[in-house]
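> with the sequence up front, the predicted model follows.
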Amino acid sequence: MYGGQEDFQIGKKNNMVERRYKAAIERLLSPERVAMLEVEQLVDLGLEGIHIKSVLDAGMGNGIFTEHFAQKQISVSGVDPNPAC
(Lines give C-alpha, C1' and ligand atoms only; values in the text may rest on other atoms or scores of the structure.)
Protein backbone atom coordinates (compact mmCIF):
# COMPACT_ATOMS: atom_id res chain seq x y z
CA MET A 1 0.00 0.00 0.00
CA TYR A 2 1.33 3.42 -0.90
CA GLY A 3 0.95 6.62 1.03
CA GLY A 4 1.32 5.15 4.49
CA GLN A 5 3.08 7.13 7.19
CA GLU A 6 6.29 5.16 6.63
CA ASP A 7 6.42 6.43 3.03
CA PHE A 8 6.63 10.10 3.98
CA GLN A 9 9.12 12.34 5.68
CA ILE A 10 7.33 15.07 7.59
CA GLY A 11 9.13 18.26 8.51
CA LYS A 12 8.59 21.94 9.08
CA LYS A 13 9.70 24.63 6.68
CA ASN A 14 8.74 28.29 6.89
CA ASN A 15 6.04 27.48 9.47
CA MET A 16 4.39 25.07 7.04
CA VAL A 17 4.18 21.33 7.37
CA GLU A 18 6.01 19.72 4.49
CA ARG A 19 5.54 16.13 3.38
CA ARG A 20 8.10 14.52 1.09
CA TYR A 21 7.81 11.11 -0.43
CA LYS A 22 11.00 9.29 0.48
CA ALA A 23 10.46 5.97 -1.30
CA ALA A 24 12.81 4.89 -4.06
CA ILE A 25 12.10 5.97 -7.65
CA GLU A 26 11.55 2.32 -8.60
CA ARG A 27 8.64 2.19 -6.17
CA LEU A 28 7.20 5.43 -7.53
CA LEU A 29 7.27 3.96 -11.04
CA SER A 30 6.07 0.48 -10.09
CA PRO A 31 3.42 -1.03 -12.37
CA GLU A 32 1.01 -1.24 -9.43
CA ARG A 33 1.30 2.47 -8.67
CA VAL A 34 1.06 3.45 -12.35
CA ALA A 35 -2.11 1.34 -12.66
CA MET A 36 -3.55 2.95 -9.53
CA LEU A 37 -2.90 6.45 -10.92
CA GLU A 38 -4.48 5.49 -14.26
CA VAL A 39 -1.74 7.46 -16.05
CA GLU A 40 -2.40 6.01 -19.49
CA GLN A 41 -6.13 6.77 -19.24
CA LEU A 42 -5.45 10.33 -18.04
CA VAL A 43 -3.05 11.00 -20.91
CA ASP A 44 -5.53 9.57 -23.42
CA LEU A 45 -8.35 11.74 -22.01
CA GLY A 46 -6.10 14.82 -22.09
CA LEU A 47 -5.35 14.23 -25.77
CA GLU A 48 -8.88 13.33 -26.79
CA GLY A 49 -10.12 15.41 -29.72
CA ILE A 50 -6.89 17.37 -30.19
CA HIS A 51 -3.69 16.90 -32.15
CA ILE A 52 -0.54 18.28 -30.56
CA LYS A 53 3.13 17.98 -31.42
CA SER A 54 4.63 19.02 -28.09
CA VAL A 55 3.76 19.38 -24.43
CA LEU A 56 5.33 20.99 -21.36
CA ASP A 57 5.13 18.90 -18.21
CA ALA A 58 5.45 21.52 -15.45
CA GLY A 59 6.15 20.01 -12.06
CA MET A 60 7.11 16.73 -13.68
CA GLY A 61 8.31 14.99 -10.52
CA ASN A 62 9.46 11.52 -11.47
CA GLY A 63 8.44 11.98 -15.13
CA ILE A 64 5.65 9.44 -15.21
CA PHE A 65 3.37 11.62 -17.38
CA THR A 66 6.31 12.83 -19.46
CA GLU A 67 7.11 9.23 -20.35
CA HIS A 68 3.54 8.45 -21.39
CA PHE A 69 3.29 11.54 -23.61
CA ALA A 70 6.59 10.57 -25.26
CA GLN A 71 5.25 7.07 -25.92
CA LYS A 72 2.53 8.76 -28.00
CA GLN A 73 5.24 10.29 -30.24
CA ILE A 74 4.77 13.75 -28.68
CA SER A 75 7.81 15.93 -28.04
CA VAL A 76 7.92 16.55 -24.28
CA SER A 77 9.83 19.05 -22.14
CA GLY A 78 9.65 18.69 -18.39
CA VAL A 79 10.61 21.08 -15.61
CA ASP A 80 10.39 20.80 -11.86
CA PRO A 81 11.45 23.32 -9.19
CA ASN A 82 12.54 20.49 -6.90
CA PRO A 83 16.31 20.01 -7.39
CA ALA A 84 15.93 16.29 -6.54
CA CYS A 85 13.94 15.70 -9.74
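That came through, no problem.

> tell me the pLDDT at Q9?
At Q9, the model reports a pLDDT of 50.

> also N15?
On the pLDDT scale, N15 gets 51.

> same check, this time on G49
In this prediction, G49 carries a pLDDT score of 95.

> so it, which of the three states?
Of the three states, G49 takes coil under DSSP: H, G, I helix; E, B strand; the rest coil.

> domain map for the chain?
1-33, 38-85 (automatic domain parsing).

> between those, which has the poorest mean confidence score?
Mean pLDDT values for the domains of the chain show the minimum at domain 1-33, a mean of 58.

> need the contact list for H68.
Residues in contact with H68 (C-beta atoms under 8 Å, 6 or more residues apart in numbering) are V39, E40, V43. For glycine as for every other residue, the C-beta is placed from the backbone atoms N, C-alpha and C.

> got a quick ChimeraX command for the buried subset of the residues you listed?
Listed next is the ChimeraX selection for buried residues among the contacts of H68, using 16 or more other C-beta atoms under 10 Å:
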select :43
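
> let me know the helix or strand that the closest residue to V43 other than its chain neighbours is in.
Nearest non-adjacent residue to V43, counting by C-beta to C-beta, 6 or more residues apart in numbering: H68, 4.5 Å away. In the assignment (DSSP states H and E), H68 maps to helix 64-71.

> now that helix: buried residues?
Judged by neighbour count (16+ other C-beta under 10 Å), helix 64-71 contains these buried residues: I64, F65, T66, E67, H68, F69.

> ok, now stretch 35-54?
For stretch 35-54, a neighbour-count test (16+ other C-beta under 10 Å) marks V43 as buried.

> got the residue ranges for the helices in the chain?
For the chain, helices defined by DSSP state H occupy the ranges 25-28, 31-37, 39-47, 64-71.

> now do the third one against helix 64-71, angle only.
Relative orientation of helix 39-47 and helix 64-71, computed by axes from the mean of the first three to the mean of the last three C-alpha atoms, to 10 degrees: 70 degrees.

> which elements pack onto helix 39-47?
Judged by 3 or more C-beta pairs under 8 Å, 6 or more residues apart in numbering; DSSP states H and E, the packing partners of helix 39-47 are helix 64-71.
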